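Colleague: Need the 3D shape of this:
(one chain, ligands or ions: 1)
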Amino acid sequence: MSLVLREVNLSYTDADTTITALDHVCMEVSAGELVAVVGPSGSGKSSLLAVAGTLLLPDSGLVLVDGTNVTRLGQAERSALRRDRIGLVFQQPNLLSALAAKDQLLVAAHLAGHRPRDRRRRALDLLDAVGVAHRANRRPHQLSGGERQRVNIARALMNEPSVLLVDEPTSALDHERGRRIVELIAEVTRHHRVATVLVTHDREQLDRVDRVVEMHDGRLTAVTPTPA
Ligand SMILES: Nc1ncnc2c1ncn2[C@@H]1O[C@H](COP(=O)(O)OP(=O)(O)OP(=O)(O)O)[C@@H](O)[C@H]1O
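Modeller: Numbers count the residues shown, from 1 in each chain. Below is the predicted model of the structure:
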């Protein structure tokens, strides 16, 4: 199992109040599986991704990435694991404004220590796979919103992660472009055998996912099969 959350609890303390964001959350995602997380605003979806992505440590419970218990790792080890095994895609593609599309991917691979020749070939292959090879030399402001999100997805795959965490990737896109991005995420999940968690509020885009889980008040309250 690529990603396992077991009895995960997370709370935020704000002045004199404590907000429970994750309440005994359990989840398992295997390689090549796409799981969607839906739920109302404030239900804990982004907190779930932050914990799964090792950006936040839970108050209690286990988070396993490829069998490694991340809650036992020090900060440097956790950063290395995040860089090497986890791909993150956020709502707004956080691309570097000065760099061309292919260089966004090369920087990610450089930081992970991949050989220059390998990383150049992989970057171009990935841009081709997500449909923007013809935009490889363009900078973010020269790309459409959909193209930026495609580059973002390609970059997240650059270091061959086991786990792909995607937070509302279609919120800045129109319906048709959004649908194509979810299709792309389904394709890369299968092709690259990543365990993908997709947070979305758009229930119309769930026909390409393997499973849907619902969050309410920090709890995973329902697990539904893919709509027919
Ligand atoms: N840094 C923080 N400090 C205090 N409370 C927080 C913090 N981040 C989130 N929360 C609270 O934790 C709860 C869960 O928030 P979270 O962002 O995980 O929900 P969400 O389902 O992703 O919401 P949305 O769909 O609006 O993005 C909410 O009550 C939120 O107000």
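
Colleague: what's the distance between the residue nearest the centre of the chain and residue 174?
Modeller: The centre of the chain sits closest to residue 165, judged by C-alpha atoms, centre = their mean, with a distance of 1.6 Å. Distance, residue 165 to residue 174, using C-beta to C-beta, to the nearest Å: 24 Å. In short, each C-beta sits where N, CA and C put it, glycine included.

Colleague: got the residue ranges for the strands in the protein?
Modeller: Along the chain, counting by DSSP state E, strands occupy 3-14, 17-29, 34-38, 60-65, 68-69, 86-89, 163-167, 195-199, 211-216, 219-225.

Colleague: For those strands, give me a markdown table that also has distance to residue 129 and mean pLDDT.
Modeller: Output for these, formatted as a markdown table (distance: least, C-beta to C-beta, whole Å; pLDDT from 0 to 100):
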| stretch | distance to residue 129 | mean pLDDT |
| --- | --- | --- |
| strand 3-14 | 22 | 96 |
| strand 17-29 | 21 | 96 |
| strand 34-38 | 16 | 95 |
| strand 60-65 | 24 | 97 |
| strand 68-69 | 27 | 96 |
| strand 86-89 | 14 | 94 |
| strand 163-167 | 14 | 96 |
| strand 195-199 | 15 | 97 |
| strand 211-216 | 24 | 94 |
| strand 219-225 | 28 | 76 |
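
Colleague: Mind putting these into a markdown table with distance to the ligand?
Modeller: What follows is the strands of the chain, written out as a markdown table (distance: least, C-beta to the nearest ligand atom, whole Å):
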| stretch | distance to the ligand |
| --- | --- |
| strand 3-14 | 3 |
| strand 17-29 | 4 |
| strand 34-38 | 8 |
| strand 60-65 | 15 |
| strand 68-69 | 22 |
| strand 86-89 | 15 |
| strand 163-167 | 8 |
| strand 195-199 | 7 |
| strand 211-216 | 6 |
| strand 219-225 | 12 |
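
Colleague: and these as CSV, adding distance to residue 49?
Modeller: Below are the strands of the chain laid out as CSV (distance: least, C-beta to C-beta, whole Å):
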stretch, distance to residue 49
strand 3-14, 11
strand 17-29, 11
strand 34-38, 8
strand 60-65, 12
strand 68-69, 18
strand 86-89, 8
strand 163-167, 5
strand 195-199, 6
strand 211-216, 11
strand 219-225, 13
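
Colleague: Could you show which parts of the protein are in contact with the ligand?
Modeller: Taking C-beta under 6 Å from any ligand atom as the criterion, the neighbours of the ligand within the chain are 12, 14, 19, 21, 39, 41, 42, 43, 44, 45, 46, 47.

Colleague: farthest pair in those residues?
Modeller: Spatial extent of the residues of the chain next to the ligand (C-beta to C-beta) is set by the pair 14 and 39 at 20.9 Å.

Colleague: who has more neighbours, those two?
Modeller: Set residue 14 next to residue 39 and count neighbours by other C-beta atoms under 10 Å: residue 39 wins out with 22 against 8.
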